[in-house]
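J.: Could you work out the structure for the sequence below:
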Amino acid sequence: MSEEINRLEALIAHQERQIQDLSDMVNLHRKEIDILKARLDRTQKKIVDMELGAAEEPGENLTPTEQALRDKPPHY
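T.: Okay, here's the model as predicted:
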């Protein structure tokens, strides 16, 4: 009977350690996800700002040919 109790206590201790390890891992992943979400939000904001800035440039409604003429390199 005593051996069985010792075995069960060891099993419970092992499971408690595994649960704590998994909990630590989940918390670490949550922090990493929060960081990545913040970076994604900043990146999306930059993209929107760039798109809005590009939309406000003069000549937005130019045809592709007109855009090519406007944007041609200086050596032409």
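J.: and the next element down the chain from the helix or strand that contains Ser23?
T.: With elements delineated by DSSP states H and E, Ser23 resides in helix 2-55, which encompasses its position. The element immediately downstream of helix 2-55 (helix or strand, assigned by DSSP H and E) is helix 64-70.
J.: That following helix - what's its average pLDDT?
T.: In this model, helix 64-70 has an average pLDDT of 78.
J.: what stretches of the protein score poorly on pLDDT?
T.: 54-60, 76 (pLDDT under 70).
J.: Geometric centre of it: which residue is closest?
T.: For the chain, Leu36 is the residue whose C-alpha lies nearest the centre (Cα atoms, centre = their mean; 3.1 Å).
J.: Distance check, it against Asn6.
T.: Distance check for Leu36 against Asn6: by Cβ to Cβ, to the nearest Å, it reads 45 Å. To be clear about C-beta, it is placed using only N, CA and C from the backbone, and glycine gets the same treatment.
J.: Could you do Leu62 as well?
T.: 82 Å.
J.: Name the residue in those two with the higher neighbour count.
T.: Leu62 (13 against 10; other Cβ atoms under 10 Å).
J.: and that one, what does it touch?
T.: Arg70 (Cβ atoms under 8 Å, 6 or more residues apart in numbering).
J.: any chance you could read off phi and psi for it?
T.: For Leu62, the backbone dihedrals are phi -80, psi 150 (criterion: degrees, to the nearest 10).
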